[in-house]
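# dropping the sequence and predicted coords here.
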Amino acid sequence: MASVKRIKIKELLSSKAFNSEVLAMGWVRTRRGNKNVAFIALNDGSTINNIQIVADVEVFSEDFLKDVSTGACISVEGTLVESPGAEQPVEIRAKKIEVIGKADPTTYPLQKKGHSLEFLREIAHLRPRTNTFGAVLRIRHSMAFAIHKYFNDKGFFYIHTPIVTGSDAEGAGAMFRVTTLDMENPPRTEDGKINWSEDFFGKEANLTVSGQLEGELAALALSDIYTFGPTFRAENSNTPRHLAEFWMIEPEMAFYDITDNMDLAEDFLKYLVRYALENCKDDLEFLNKMWDKELLERLQFVVDNPFVRLTYTEGVEILEKANQKWEFPVSWGVDLQSEHERYLVEKHFKKPVILTGYPRNIKAFYMKQNDDGKTVRAMDVLFPKIGEIIGGSQREEDYDKLYSRIKEMNIHEEQLWWYLETRKFGTAPHSGFGLGFERLLLFVTGMGNIRDVIPFPRTPKNCEF
RNA sequence: UCCUCUUUAGCUCAGUUGGUUAGAGCACAUGACUGUUAAUCAUGGGGUCCUAGGUUCAAGUCCUAGAAGAGGAGCCA
């Protein structure tokens, strides 16, 4: 197509190769100008910044330039020059412009002026072309990359745990069923129930709600592992912090106790935030300016300050003494409500908090029981604005204690025989936690709604795109 | 799922006590302008007032039901 090789706009903007011939391709953000000259702001997603294309009307007729409208895809060949304008270092003096894909201005939904996030959600197929979603998606990539880099550098192994699961044992919430049966006319057993033994897997199957149990199996062989994959919850949750399909990171480490686990969680989160500050500067500055004026300050604060660590019991004491009216009263043994968590994080300590030592009755069966017989070695990392960002624990490695807990809680032990066997054969103390990837992104981007930090959100009554 | 709020032009919103032809900004179209910075200026077109009932001489406005969206809560990551 062209004699020159296409260069991405991010590279062009920092180039010093003035007067060289370049080729750029991208989507038009705005066009403005007068009878003599037109200015085109071009973006290809490589950076939030646009490159300015200068087109003389002598060379490009006004009629031709009509097709170079907001949203159109064009390629531009021209000379890279220093820009006389103050807003950009370089610009391209166009010699040849080709309209690759028109965008009819009367029907193209995106305008150069800002749109509400609610409206953009309705056009999720086009919203990556906006500054905000370009920034969010680049940051999302950077965080995913940093997660793999962090664990790889520490000698952790990435384990792919199954997405389709035959057990609902973890009890982490309602599940999506996976089936190939004809739902109009399913096979029945003699007593009229659906005969799942005729289904694809010969038993009931669901989408995973957590890779943790399988992650533990791997940790009890490879020492340090992590998972990073999609997770599905069929809860009817309608909040800015929940998705039906989200991504979760679950490290699991042999020979880690709860303190090692907290140390890792804190170091991990700080590493990720620092990585964002160092590698996503342009995008973060845009989000700071546009949506959340305290974003950069808050990110820096998290990197610079140690997290507060306290026990559930200490937390409850603080809440009981607080001069505060609670919608849900606090006393030892109740699960903390978000008003309580927010008080501790946002009012009392004003920094991230790690809570440990929860009552055993409000936590999952696999958590390690303390000697007091009342509490378990759970930990929740609570962040300002978004609440629980990490939930984890030291795991119960003692077969008898684990087994009796499973019995107490009426969990189907026959679905967990493989999990129990790891405690029977060469058991070891181990710990792990789960980090909600989109919750992390809420914090790092400062966005207010989790549906705006994933490209195509799945929520109750919404599976478009 | 519960509570509260919202739904009027392509987008963001105003619309008085129920009263005649429902407005603004932006976008879009047309024109003007010798380097613009979400350019500017002038002119213009553009409406299922979310849906279905109801009250009334008269409903964008009041009532009932429903739908969709948002915020808070619960569940959790």
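Received, thanks. Residues are numbered from 1 along each chain as shown, chains lettered A, B, ... in the order given.
# hey, where'd the helices end up in chain A?
Ranges of helices in chain A, per DSSP state H, are A:9-13, A:62-65, A:117-122, A:131-153, A:212-222, A:258-279, A:281-290, A:295-304, A:312-321, A:338-342, A:399-408, A:417-424, A:437-445.
# in chain A, which residue sits nearest RNA strand B?
A:Gly85 (1.8 Å; CB to the nearest atom of the strand). (Glycine included, C-beta is placed from N, CA and C.)
# which ones are touching that residue?
A:Gln52, A:Glu91 (CB atoms under 8 Å, 6 or more residues apart in numbering).
# which other helices and strands contact the helix or strand of chain A with the lowest mean pLDDT?
Ranked by mean pLDDT, DSSP states H and E, the helix or strand of chain A with the weakest confidence is helix A:62-65, at a mean of 88. Packing contacts for helix A:62-65, counted by 3 or more CB pairs under 8 Å, 6 or more residues apart in numbering; DSSP states H and E, involve no helix or strand.
# quick check: residues of the stretch 201-350 of chain A near RNA strand B?
Counting by CB under 7 Å from any atom of the strand, the stretch 201-350 of chain A comes close to RNA strand B at A:210, A:233, A:235-244, A:246, A:248, A:328, A:335, A:337-339, A:342.
# buried ones from the residues you listed, can you make that a PyMOL selection?
Typed into PyMOL, the line below selects the buried ones among those, using 16 or more other CB atoms under 10 Å:
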select buried, chain A and resi 210+233+241+242+243+244+246+248+342
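# now, the residues of the stretch 201-350 of chain A next to RNA strand B that are in strands?
Using DSSP state E, the subset of those located in strands is A:Phe246, A:Met248.
# can you show me the strands along the stretch 351-465 of chain A?
A:353-359, A:375-383, A:387-394, A:430-436 (DSSP state E, counting those that start in this stretch).
# near RNA strand B, which residues of the stretch 351-465 of chain A?
A:387-391, A:434-436, A:438-439, A:448-451, A:461-462.
# report the two of the residues you listed separated the most.
A:Ile390 and A:Lys461 (28.8 Å; CB to CB).
# which one's more surrounded, these two?
A:Ile390 (24 against 7; other CB atoms under 10 Å).
# list the residues that contact that one.
A:Ala265, A:Leu269, A:Met379, A:Asp380, A:Val381, A:Phe433, A:Gly434, A:Leu435, A:Gly436.
# change it to 7 Å
By CB atoms under 7 Å, 6 or more residues apart in numbering, the contact set of A:Ile390 is A:Ala265, A:Asp380, A:Val381, A:Phe433, A:Gly434, A:Leu435.
# how about it, nearest residue that isn't a chain neighbour?
A:Val381 (3.8 Å; CB to CB, 6 or more residues apart in numbering).
# for that neighbour, give the beta-bridge partners.
A:Ile354, A:Ile390 (DSSP bridges).
# I'd say it and A:Leu355 touch.
No. Counting by CB atoms under 7 Å, A:Val381 stays clear of A:Leu355, with 8.2 Å between them.
# ok, A:Pro306 - contacts?
So A:Pro306 contacts nothing (CB under 7 Å, 6+ apart).
# nope, A:Gly78 is what I meant
A:Val22, A:Ile92, A:Arg93, A:Ala94, A:Lys95.
# redo those as CSV? Include distance to A:Lys16.
Output for the contacts of A:Gly78, formatted as CSV (distance: CB to CB, whole Å):
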residue, distance to A:Lys16
A:Val22, 12
A:Ile92, 15
A:Arg93, 16
A:Ala94, 20
A:Lys95, 21
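# neighbours of the spatially closest residue to A:His115 that is not a sequence neighbour, how many?
Spatial nearest neighbour of A:His115, excluding adjacent residues (CB to CB, 6+ apart): A:Thr130 at 7.2 Å. If you count neighbours by other CB under 10 Å, A:Thr130 ends up with 18.
# can you add mean pLDDT and give the strands of the stretch 351-465 of chain A back as TSV?
Below are the strands of the stretch 351-465 of chain A laid out as TSV (pLDDT from 0 to 100):
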stretch	mean pLDDT
strand A:353-359	95
strand A:375-383	95
strand A:387-394	94
strand A:430-436	96
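# can you lay out these as JSON lines showing distance to A:Arg121?
JSON lines is the format used below for those (distance: least, CB to CB, whole Å):
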{"stretch": "strand A:353-359", "distance to A:Arg121": "32"}
{"stretch": "strand A:375-383", "distance to A:Arg121": "24"}
{"stretch": "strand A:387-394", "distance to A:Arg121": "22"}
{"stretch": "strand A:430-436", "distance to A:Arg121": "20"}
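# of these, which approaches A:Tyr256 most closely?
Taking the strands of the stretch 351-465 of chain A one by one with CB to CB, strand A:430-436 is closest: 4.1 Å.
# partner strands of that closest one, with direction?
Here, using DSSP bridges, strand A:430-436 pairs with strand A:245-254 (antiparallel), strand A:387-394 (antiparallel).
# show residues contacting that strand.
Here strand A:430-436 has contacts from A:210, A:212, A:215-216, A:219-220, A:246, A:248-258, A:260-261, A:265, A:379, A:389-395, A:397, using CB under 7 Å, 6+ apart.
# buried ones only from these, please, as a PyMOL command.
A single PyMOL command selects the buried members of those (16+ other CB under 10 Å):
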select buried, chain A and resi 210+212+215+216+219+220+246+248+249+250+251+252+253+254+256+258+261+265+379+389+390+391+392+393+394+395+397
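# what are the boundaries of the strands in the stretch 1-150 of chain A?
Using DSSP E, counting those that start in this stretch, strands in the stretch 1-150 of chain A cover A:21-33, A:37-43, A:51-56, A:73-82, A:90-101.
# quick one: the longest one to strand A:37-43, angle?
Read that as strand A:21-33. 110 degrees (axes from the mean of the first three to the mean of the last three CA atoms, to 10 degrees).
# then the third one?
Between the axis of strand A:51-56 and that of strand A:37-43 there is an angle of 160 degrees, by the same axes, to 10 degrees.
# buried residues, stretch A:183-199. List them.
Result for stretch A:183-199 [16+ other CB under 10 Å]: buried residues A:Trp196, A:Asp199.
# kindly report the same for stretch A:91-100.
Neighbour-count burial for stretch A:91-100 [16+ other CB under 10 Å]: A:Glu91, A:Ile92, A:Arg93, A:Ala94, A:Ile97, A:Val99.
# do the same with stretch A:205-224
A:205-220, A:223-224.
# didn't A:Arg451 look like it was pressed against A:Leu120?
No. A:Arg451 lies out of contact with A:Leu120 (CB under 7 Å); the separation is 10.0 Å.
# what's the closest of the strands of the stretch 1-150 of chain A to A:Met367?
Per CB to CB, nearest to A:Met367 of the strands of the stretch 1-150 of chain A: strand A:37-43, 48.5 Å.
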